[in-house]
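Q: Predicted structure and sequence below. I'll ask about it afterward.
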Amino acid sequence: MNFTAIDFETAIGFHPCSVGIVTVENGIIVDEFVSLIKPPNNLYSPYTIQVHGIYPRDTMNAKSFAQIFPEIRKRLENRVVVAHNESFDRNVLAKSMEIYNLDYAALNIASRWECTVKIYKAKGLKPTKLSDCCREMKIQLNHHEALSDARACAKLYLMR
């Protein structure tokens, strides 16, 4: 089973401030990547800060999405991509790429990704927040930390 799980934390709207990516080959995690991302003008919503605990001071000297994108691209290109609530993370990626005039189609990934929310909802699990799924499946999680969320999503997908 080969796929890549991704999770974004956002600063405001669809502007990411962190990304976590976990690559799985033959059912084994073989690569993990995490990075802070400086959102445009380093702007944050007080709500998102409360959710993930990332502040403008944390990303003041971080790379922009465009600067981080080569690392994202090499992990997503031509892969099955998995996310928990895939439409959110897919939109963060697509809208960020659009801002920097990067071609989403060039990634050669599905227009809809695999979604662990949908998978676990279909299995009858309620509610299906990442923390609930991880508690049910006994997966360790430091919720709203991008790499931990991506790793948990990968493990959920492997256990489906």
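A: Sure thing, it's come through.

Q: Can you classify the residue located most distally from the centre of the chain as helix, strand or coil?
A: The C-alpha centroid of the chain is most remote from G124, which lies 23.7 Å away (Cα atoms, centre = their mean). The three-state label given to G124 by DSSP: H, G, I helix; E, B strand; the rest coil is coil.

Q: Report the separation between it and S148.
A: Distance, G124 to S148, using Cβ to Cβ, to the nearest Å: 25 Å. The C-beta positions use only the backbone N, C-alpha and C, and glycine is treated the same way.

Q: for S87, same thing?
A: 21 Å.

Q: cool, F33 as well?
A: 13 Å.

Q: Identify the contacts common to the two.
A: Jointly contacting F33 and S148 under the rule Cβ atoms under 8 Å, 6 or more residues apart in numbering are G20.

Q: for this protein, what spans make up the helices?
A: Here the chain has its helices, by DSSP state H, at 46-52, 56-59, 65-76, 86-99, 116-122, 130-137, 146-159.

Q: Which residues does the spatially closest residue to S45 that is not a sequence neighbour form beta bridges with?
A: Nearest residue to S45 in three dimensions, chain neighbours excluded: I12, at 4.5 Å (Cβ to Cβ, 6 or more residues apart in numbering). For I12, the beta-bridge partners are H15 (DSSP bridges).
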